[in-house]
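[1] with the input below, show me the fold.
(one chain, ligands or ions: 2)
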Amino acid sequence: MIVLGIETSCDETAAAVVDGNGKILSQAILSQIAEHTPYGGIVPEIAARAHLAHLDRLITKAMDDAKVSYGDLDGIAATAGPGLIGGVLVGVMTAKAISAVHKIPFLAVNHLEGHALTARFTDNVAFPYLLLLVSGGHCQLLAVENVDRYRRLGTTIDDAAGEAFDKVAKMLGLGYPGGPAIERAARTGNAKRFAFPRPLKGKPGCDFSFSGLKTAVRQAAEAMPPGPLAEQDVADLAASFQTALVDAIAERVTRAVNIFRSDYPEGKTLVVAGGVAANTALRDVLVKTATTAGLAFAAPPPALCTDNAVMIAWAGIERLKLGLIDDLTFKARPRWPLDPTAPKAVGAGIKA
Ligand code: KG4
Ligand code: ZN
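    Ligands and ions are numbered 1, 2, ... in the order given. Reported below is the predicted structural model:
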C-alpha cells in the first residue's frame, strides 16, 4: 500500500510518500517561517499564496524521490481541516484533482488525527492510548480508542500551549516560532527566579488554561527596569515560564491518566504529539508521569511532531486499511473536532 500525503493547514507546505509497512519513501517540506517572521505570526493570506506557489513542485519532488508514479499510488491523502482555510483548500483541491485524473482514492484527513496517529507509525502503539496533543492551535487530552474514534478528556479554555509559547516569545523579543526560541533561551535561565502561576492546578477535570500564566510573564517583564530586557532576564523569564507551563500540563495529564487507567484498563501507553511535543522539558516530565502511572511513553521524533506530510500520508493509510475513503464532494473544514460529542471546556467554573 502506497499513499501520497499533503499538508497545507498552517505554515508548512509538505508532501510525502509513505508505504503501508510504515516506511517513508520520500518527503518534501518547505517552511514559510521567513515569509511570516516580519509580522511576528502567521498571516493566513500569505500562507495560502505560498502553498499555492510551492505545492505542485513539492509533490513532484516527493513522487520523483520516492521513484513512484501516480499509477503506483493506492490513495492520496490531504489535510482537509482544521486549519487556515485558504491553505487547507489548496491542499484539498490539489489532492482531489490528482484523485480525479488518476482515479486514485481520496482520503480527507483531519490534521489532528495525523498528529494523533503518528505514534502508531513511529512506535507501533496499540489502541487504546492516552494522547496529549499540544500544538500551536490545540491543547487536548484524548483517549484514542481507534482510527476515527476519540474521546476528549480535556481541552484548553483559552490559549493552546504552542500559542502561549509563541505569545511569550514575542513579548520577550525572541521571534517566531516561539517554542524553539523559548526552549533555547531557557537553557541558560534560572527557572526558580520567577514564581509564575500553574493555571488550574488542583482544580477538577483535565482542561487547560494558559492566559493567566502569559499575563504573569508580561507583568514580570514590565516590572523590569525601563529599556530593553537584559539577556539574562530574558533567559530567566523563559526558563520560569517554561517550567510553570510544563508543570501545569503535567498536573492535568496526571488527572487524565487516572481516568484513562480506570476507563481503559487494557490501555498501556501515554503518547505526546503536536509541535510542542518537540519540547525536551515537556518530554522529560511526561516520561516521569508515565513511569509513575505504570504506562509506557511514546513521543515521535521532533521532526514528526511539528507539522509534516508523513503523518497525513500515514493517517491516510490507516483510514484506507479500514475502507474509510472519501468522496470528492468532501468540503474542507476550518473547524473539525476529533470528538464532536465532547462537552465545551468549562475549566472548573472559569468561563470559556
Ligand atoms: O503542530 P505544529 O507544527 O502546528 C500546528 O498544528 O499548530 O505546532 C506548532 C507549534 C508552535 O506554536 C511552536 O512554537 C510549537 O509548536 N513548538 C514548540 C517547540 N517546537 C515547536 N513549543 C515548545 N518547544 C519546542 N521545542
Ligand atoms: Zn499541527
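[2] quick one: contacts for whichever residue of the stretch 1-150 of the chain sits closest to ligand 1?
    Residue of the stretch 1-150 of the chain nearest ligand 1, by Cβ to the nearest ligand atom: residue 136 (2.8 Å). Heads up, the C-betas are built off the backbone N, CA and C, glycines and all. Residues counted as contacts of residue 136 (Cβ atoms under 8 Å, 6 or more residues apart in numbering) are 10, 160, 162-163, 166, 177, 275-276.
[3] ok, the residue lying closest to it once chain neighbours are set aside - how many residues close by?
    Once flanking residues are discounted, residue 136 sits nearest to residue 162: 3.7 Å by Cβ to Cβ, 6 or more residues apart in numbering. Look at residue 162: counted by other Cβ atoms under 10 Å, it has 25 neighbours.
[4] could you check how far residue 162 is from residue 329?
    33 Å (Cβ to Cβ, to the nearest Å).
[5] got it, and residue 167?
    Taking Cβ to Cβ, one finds residue 167 at 38 Å from residue 329.
[6] compare neighbour counts for those two and give me the winner.
    Using other Cβ under 10 Å as the criterion, residue 167 and residue 329 rank with residue 167 on top: 19 against 6.
[7] which one is the more buried one nearest to, not counting chain neighbours?
    Nearest residue to residue 167, sequence neighbours excluded (Cβ to Cβ, 6+ apart): residue 214, at 5.6 Å.
[8] dihedrals phi and psi, the one you found?
    Backbone torsions of residue 214, given as degrees, to the nearest 10, read phi -60, psi -40.
[9] and the residue nearest to residue 15 when sequence neighbours are not counted, what does it touch?
    Nearest residue to residue 15, sequence neighbours excluded (Cβ to Cβ, 6+ apart): residue 62, at 4.0 Å. By Cβ under 8 Å, 6+ apart, the contact set of residue 62 is 4, 15-17, 26-28, 309.
[10] by neighbours, which of the residues you listed wins?
    Counting neighbours by other Cβ under 10 Å, residue 15 comes out on top of the contacts of residue 62 with 35 neighbours.
[11] avg pLDDT for the host helix or strand of it?
    Taking DSSP states H and E as the criterion, residue 15 maps to strand 12-19. The average pLDDT for strand 12-19 rounds to 97.
[12] so what are the sheet partners of that strand and their directions?
    strand 2-7 (antiparallel), strand 24-31 (antiparallel) (DSSP bridges).
[13] any chance you could map the helices in the stretch 51-200 of the chain?
    For the stretch 51-200 of the chain, applying DSSP state H, counting those that start in this stretch gives helices covering 85-102, 111-123, 161-171, 178-186.
[14] columns mean pLDDT and distance to ligand 2 on top of these, output as a markdown table?
    Listed next are those as a markdown table, based on pLDDT from 0 to 100; distance: least, Cβ to the ion, whole Å:
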| stretch | mean pLDDT | distance to ligand 2 |
| --- | --- | --- |
| helix 85-102 | 98 | 12 |
| helix 111-123 | 98 | 6 |
| helix 161-171 | 96 | 9 |
| helix 178-186 | 97 | 12 |
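[15] in JSON lines: those helices, plus distance to residue 233.
    Below are the helices of the stretch 51-200 of the chain laid out as JSON lines (distance: least, Cβ to Cβ, whole Å):
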{"stretch": "helix 85-102", "distance to residue 233": "37"}
{"stretch": "helix 111-123", "distance to residue 233": "34"}
{"stretch": "helix 161-171", "distance to residue 233": "12"}
{"stretch": "helix 178-186", "distance to residue 233": "10"}
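[16] which of those sits closest to residue 245?
    Comparing these against residue 245 with Cβ to Cβ, the closest turns out to be helix 161-171 (6.3 Å).
[17] measure how the closest one sits relative to helix 178-186, angle-wise.
    60 degrees (axes from the mean of the first three to the mean of the last three Cα atoms, to 10 degrees).
[18] could you find the closest non-adjacent residue to the closest residue to ligand 2 within the stretch 101-250 of the chain?
    Nearest to ligand 2, among the residues of the stretch 101-250 of the chain, is residue 135, at 4.3 Å (Cβ to the ion). Spatially, and ignoring its direct neighbours in sequence, residue 135 is nearest to residue 274 (3.4 Å; Cβ to Cβ, 6+ apart).
[19] burial measure for residue 29, as a count.
    18.
[20] my error: substitute residue 59 in the last question.
    By other Cβ under 10 Å, the residues close to residue 59 number 24.
[21] over to residue 66?
    22.
[22] ligand 2: which of the contacts of residue 62 is nearest?
    For those, the residue nearest ligand 2 by Cβ to the ion is residue 309; the value is 11.4 Å.
[23] quick one, strands of the chain?
    Secondary structure of the chain (DSSP state E): strands at 2-7, 12-19, 24-31, 75-81, 106-110, 129-134, 139-146, 149-155, 269-273, 296-298.
[24] which parts of the shortest one are buried?
    So the one you mean is strand 296-298. For strand 296-298, the neighbour count (16 or more other Cβ atoms under 10 Å) marks 297-298 as buried.
[25] so what's residue 56 up against?
    residue 94.
[26] meant to ask about residue 244, not that
    Residue 244 touches 196-198, 213, counting by Cβ under 8 Å, 6+ apart.
[27] may I ask which of these has the most neighbours?
    Per-residue neighbour counts (other Cβ under 10 Å) across the contacts of residue 244 peak at residue 196, which has 24 neighbours.
[28] so who does that one touch?
    Contacts of residue 196 by Cβ under 8 Å, 6+ apart are 213, 216-217, 220, 240-241, 243-244.
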